[in-house]
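Enquirer: here is a sequence with its predicted model. Questions after.
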Amino acid sequence: MQGEFNLQNSLNMLSMLNNMNYNNEIMKKNIVMEIIKNEFQNCQKDDDLLQIGCTFRLKDNDIFNWKVTMYGPKETPYENGIFTINILFPNDYPLRGAEFRFMNKIYHLNVDMRNNDSLGHISLNHINEWGLKGRNTSIPNYGVKKALFDIFCLFFEQGADCPYEEEMANDYVKNRDKFNESAKKWTLQYATKPL
């Protein structure tokens, strides 16, 4: 169908412009915007993402800056929490992947809540690799949908091998009740409404 978005054609055009070292930044930006816009529309109507409670909106009407709301799953310390994740797309997307950050404070081993310059950063190998390598990751077709599912899985299973805080990791491994109580407290304090 004419006029229908074609991701592969857009990627080929973007790759060709980069290989030619073509200096038409407006053309490159328009292609990237079209790719992100298509991904946004697909995520908004994706049944799997809707089933885990994801909703999508743009921050300040900027296609490069998404706000995703995700609900804390039942039977976790994050239950009833409303978590907002900021997704920032680089100007050379998808040659480099997007950056994901929690906007709410969350008591979690793999989310940085101490350093102002990386506040809310999610330490997750697949997301970090995608952010650096874009489409050239070790996981074929890694993108926003898979990243959001990886983040959702973090509500259930945390990576004690790469925590931001040792004391928190120690509680998670040796005193899970104490850890869960702190996570519940933070959820009630910082995640009761969408940001």
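Expert: Everything's here; your move. Fair warning: this is a prediction, and the values are worked out from it, not measured in the lab. Numbers count the residues shown, from 1 in each chain.
Enquirer: count of residues packed around the closest residue in space to Phe64 that isn't next to it in sequence?
Expert: Among residues not flanking Phe64 along the chain, Phe89 sits closest, at 4.5 Å (Cβ to Cβ, 6 or more residues apart in numbering). From N, CA and C alone the C-beta is placed, and that goes for glycine too. Phe89: 23 surrounding residues under other Cβ atoms under 10 Å.
Enquirer: repeat that for Thr192.
Expert: 11.
Enquirer: over to Leu148?
Expert: 23.
Enquirer: which residues are contacting stretch 84-92?
Expert: By Cβ atoms under 8 Å, 6 or more residues apart in numbering, the surrounding residues in contact with stretch 84-92 are 18, 28-29, 32, 36, 59, 63-70, 96-104, 120, 134, 144, 148, 151, 194-195.
Enquirer: endpoints of it, how far apart?
Expert: Stretch 84-92 stretches 24 Å from its first residue to its last (Cα to Cα, to the nearest Å).
Enquirer: show me where the chain has strands.
Expert: 55-59, 62-71, 82-88, 99-102 (DSSP state E).
Enquirer: tell me, what residue is most central in this protein?
Expert: For the chain, Phe100 is the residue whose C-alpha lies nearest the centre (Cα atoms, centre = their mean; 3.6 Å).
Enquirer: which residues does it contact?
Expert: Contacts here follow Cβ under 8 Å, 6+ apart; on that basis Phe100 touches 85-87, 122, 127, 147, 151.
Enquirer: adding distance to Asn115 and neighbour count, write those residues out as a markdown table.
Expert: As requested, the contacts of Phe100 are arranged in a markdown table below (distance: Cβ to Cβ, whole Å; neighbours: other Cβ atoms under 10 Å):
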| residue | distance to Asn115 | neighbour count |
| --- | --- | --- |
| Ile85 | 18 | 21 |
| Asn86 | 16 | 17 |
| Ile87 | 20 | 22 |
| Ile122 | 13 | 21 |
| Ile127 | 17 | 23 |
| Ala147 | 21 | 22 |
| Ile151 | 19 | 22 |
